[in-house]
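K.L.:
let's see this in three dimensions:
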Amino acid sequence: MPEPFKTLTSRTVTLSQANIDTDQIIPARFLTTTTREGLGRAAFYDWRYEADGSEKPEAVLNRIDPAEHRILLAGRNFACGSSREHAPWALLDYGFRVVIATEIADIFTSNALKNGFLPIVVTQAVWDDLATHPEQQVTIDLQAGEIRRGDAPPVTFVIESFARQCLLDGVDTLGWLQANMPEIEAFERLRETV
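P.N.:
This is a model prediction of the structure:
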């Protein structure tokens, strides 16, 4: 799992196309690994590289510094298509930590939250404001459940409570279970005596 997520301040990069599916995020030919490392190179591969593997100079993701653009502002119905944990793995390994869109596929949302990647759904007005100010720093405050940017009022967002806690703690479901093992074992001992 990535480090605990409390707040993140970053610039955004916008991919405004609607219906970006998981095969565009990471083409199926890169799904042969069960490790996360190195998948960032395959993120949006067909958008970023020619058939011979050379970079497409016009590709926005080849012209930014991923360390300065950790928030992806994506078009409607982001990450639709087949379920694959490789999609959030590739986005994380590329450098993104958050995606903001007006609509995000449910199965991707589940996979993302389980892997330390934060999907946030906003209204079209908030999305439009973010898209028209790409130079401004955006702060994602998971503890407060807020997006803050420039002089605009904070925008609240909601994440399922268990997933939110796992992100804040920097653990996945298994890590949460392991951290709570003493309480779980105590509960099981109580049940044995009943």
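K.L.:
neighbouring contacts of the helix ranked longest in the chain?
P.N.:
Criterion DSSP state H: the longest helix present in the chain is helix 181-193. For helix 181-193, contacts defined as C-beta atoms under 8 Å, 6 or more residues apart in numbering pick out residue 177. The C-beta positions use only the backbone N, C-alpha and C, and glycine is treated the same way.
K.L.:
can I get it in PDB, CA atoms only?
P.N.:
Extracted in PDB, the C-alpha atoms of helix 181-193 (Å, rounded to 0.1, in the frame of the first residue of the first chain):
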ATOM      1  CA  MET A 181      -5.900  -8.900  15.200                       C
ATOM      2  CA  PRO A 182      -5.700  -8.600  19.100                       C
ATOM      3  CA  GLU A 183      -9.300  -7.300  19.200                       C
ATOM      4  CA  ILE A 184     -10.400 -10.000  16.700                       C
ATOM      5  CA  GLU A 185      -8.800 -12.800  18.700                       C
ATOM      6  CA  ALA A 186     -10.300 -11.400  22.000                       C
ATOM      7  CA  PHE A 187     -13.700 -11.400  20.300                       C
ATOM      8  CA  GLU A 188     -13.300 -15.000  19.100                       C
ATOM      9  CA  ARG A 189     -12.200 -16.100  22.600                       C
ATOM     10  CA  LEU A 190     -15.400 -14.500  24.000                       C
ATOM     11  CA  ARG A 191     -17.500 -16.400  21.500                       C
ATOM     12  CA  GLU A 192     -15.900 -19.700  22.500                       C
ATOM     13  CA  THR A 193     -17.100 -19.300  26.100                       C
END
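K.L.:
and the lowest-mean-pLDDT helix or strand in the chain, what other elements does it pack with?
P.N.:
Least confident element among the helices and strands of the chain, by mean pLDDT, DSSP states H and E: helix 173-179 (a mean of 80). When contacts are defined as 3 or more C-beta pairs under 8 Å, 6 or more residues apart in numbering; DSSP states H and E, helix 173-179 packs onto helix 161-169.
K.L.:
helices and strands around the helix it packs on, which ones?
P.N.:
helix 106-114, helix 173-179.
K.L.:
which one of these lies nearest to residue 60?
P.N.:
Proximity to residue 60, assessed across those by C-beta to C-beta, is greatest for helix 106-114 (20.8 Å).
K.L.:
mean confidence score for the following helix or strand past that closest one?
P.N.:
Downstream of helix 106-114, the first helix or strand assigned by DSSP states H and E is strand 118-121. Per-region confidence: strand 118-121 scores 98 on mean pLDDT.
K.L.:
who does strand 118-121 pair up with?
P.N.:
Strands that pair with strand 118-121, judged by DSSP bridges, come out as strand 98-101 (parallel).
K.L.:
residues in contact with residue 30?
P.N.:
39, 42, 45, 86, 90.
K.L.:
now it: how far from residue 84?
P.N.:
Distance of residue 30 to residue 84, given as C-beta to C-beta, to the nearest Å: 10 Å.
K.L.:
so what does the spatially closest residue to residue 48 that is not a sequence neighbour have for phi and psi?
P.N.:
Excluding the flanking residues, the one nearest residue 48 by C-beta to C-beta, 6 or more residues apart in numbering is residue 59, at 4.6 Å. Phi and psi for residue 59, reported as degrees, to the nearest 10, are phi -70, psi 120.
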